[in-house]
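**Student:** Can you look at this prediction? I've put the sequence above it.
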Amino acid sequence: MYAFAPTSLQPARTFVYHHYSALRRRLQRLRLMAGTIREARRRRRQERHDERMRSFYSWCEACRGLGSIF
């Protein structure tokens, strides 16, 4: 019994390894991009919330100070 695959299978092993490593790199980039998109959505949602709070607290002079914290 051979401990390793015969050399005739070496090109196939190389092909599979390169495709596997390329797939892993692609999936890693997709995960990173998804995280970036998620953070951008969260920031936009927070900005909309802060704008609503600023406009809500700006209706009276006494509450205007509360609106400045947003």
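**Tutor:** Nice, thanks for sending it over. A quick note: this is a predicted structure, and the numbers were derived from the prediction, not measured.
**Student:** Can you name the helix or strand that R44 falls in?
**Tutor:** Using DSSP states H and E, R44 maps to helix 10-57.
**Student:** On the three-state scheme, W59 is what?
**Tutor:** For W59, the assignment made with DSSP: H, G, I helix; E, B strand; the rest coil gives coil.
**Student:** Can you list phi and psi of it for me?
**Tutor:** With angles defined as degrees, to the nearest 10, W59 sits at phi -70, psi -20.
**Student:** Next, count neighbours for it.
**Tutor:** The local packing of W59 (other CB atoms under 10 Å) involves 10 other residues. C-beta: built from backbone N, CA, C; applies to glycine.
**Student:** go on, C63?
**Tutor:** C63: 11 surrounding residues under other CB under 10 Å.
**Student:** That one is in contact with Y57, isn't it?
**Tutor:** Yes: in terms of CB atoms under 8 Å, C63 counts as a neighbour of Y57; the distance is 4.4 Å.
**Student:** sorry, back to before: does the helix holding R44 pack against any helices or strands, and if so which?
**Tutor:** helix 64-67 (3 or more CB pairs under 8 Å, 6 or more residues apart in numbering; DSSP states H and E).
**Student:** Mean confidence (pLDDT) on the helix it packs on, please.
**Tutor:** Averaged over helix 64-67, pLDDT sits at 65.
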